[in-house]
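**Q** Fold the following for me, if possible:
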Amino acid sequence: MKTRNGFISNSSTSSFIIKTSDYESVFDIAIKMVPVRGFDVDDKNLIKKIYEYEAKGFSKNHPIAFTTVNYDTFIIRGDKYYFVSTCNNHCFYGLSGFTGVDDYMSDYDTIKILEEAKKIGIAAKDKDDLYEFEIKHNSFYLWPEYDKIGSSVYLYTKKEFKCRWHNVIKTTEDDFWCLDCNEKIDNSVIVDQ
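**A** Model (predicted):
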């Protein structure tokens, strides 16, 4: 059987659909994925932070996000599947349960996965959309590296910031925060979002 693992040659993103029976929680998936990044000390610190959130009583199935090489990783849970959108520069596909969208998936499976994706805000109309879906804008994600909860946004601003790339989230307090600069963005410089 031919399987496509979600890697698309002209893209830096990759998507996975994982059965909830394969992992206990979103946090468990993140803890498996983090060491694959190869960021050594940063990986250990991030895993420690995830465990700290768990110890504080934070839901292990809260959507989570963390940095990867050139596209951040986002994990969210549906009823029967976890949806993962990530960077294709890491070999996540080798982890247990991490399979891409099967080219020969039955129509019934496709319909069920598309229904679940729609419930959690993933814009996927057909099987092709499941190969590379984007989930970063549909929910507030825990960013343990930054001790923030927020939804990724694109901002247009009147001035440059000290960082080259703007990894911006809108927090639950309606503030805009640049994760790269680790500072709040003054609302007066925002032109559009």
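
**Q** all contacts plus neighbour counts: C-alpha atoms, from now on.
**A** OK.

**Q** In three-state terms, how would the most centrally placed residue in the chain be classified?
**A** Most central in the chain under C-alpha atoms, centre = their mean is Phe74, positioned 0.6 Å from the mean C-alpha point. Under DSSP: H, G, I helix; E, B strand; the rest coil, Phe74 falls in the strand class.

**Q** So in terms of bridging, what pairs with Tyr82?
**A** Per DSSP bridges, the residues bridged to Tyr82 are Ile18, Arg77.

**Q** Count the residues that sit near it.
**A** Tyr82 has 24 neighbours, counted by other C-alpha atoms under 10 Å.

**Q** Wait, it touches Pro63, no?
**A** No. Under the criterion of C-alpha atoms under 8 Å, Tyr82 makes no contact with Pro63, lying 9.8 Å away.

**Q** Touching both of those two, which residues are there?
**A** Taking C-alpha atoms under 8 Å, 6 or more residues apart in numbering as the criterion, Tyr82 and Pro63 both touch Val26, Ile75, Ile76.

**Q** list the contacts for the closest residue to the second one other than its chain neighbours?
**A** It refers to Ile75. Of all residues not flanking Ile75 in the chain, Val84 sits nearest, at 4.6 Å (C-alpha to C-alpha, 6 or more residues apart in numbering). Going by C-alpha under 8 Å, 6+ apart, Val84 touches Ser15, Phe16, Ile17, Ile18, Thr73, Phe74, Ile75, Ile76, Ile135.

**Q** so what's the fifth one closest to, chain neighbours aside?
**A** Leaving out its chain neighbours, the residue that sits closest to Thr73 by C-alpha to C-alpha, 6+ apart is Thr86, at 4.1 Å.

**Q** hang on, that neighbour in a strand?
**A** Yes. Under three-state DSSP, Thr86 falls within a strand.

**Q** what is it paired to in the beta sheet?
**A** Under the criterion used (DSSP bridges), Thr86 bridges to Ser14.

**Q** tell me the contacts of it?
**A** Thr13, Ser14, Ser15, Thr68, Tyr71, Asp72, Thr73, Phe74.

**Q** which element follows the longest helix along the chain toward the C-terminus?
**A** Looking across the chain with DSSP state H, the single longest helix is helix 41-55. In the C-terminal direction, the helix or strand that comes right after helix 41-55 (DSSP states H and E) is strand 64-66.
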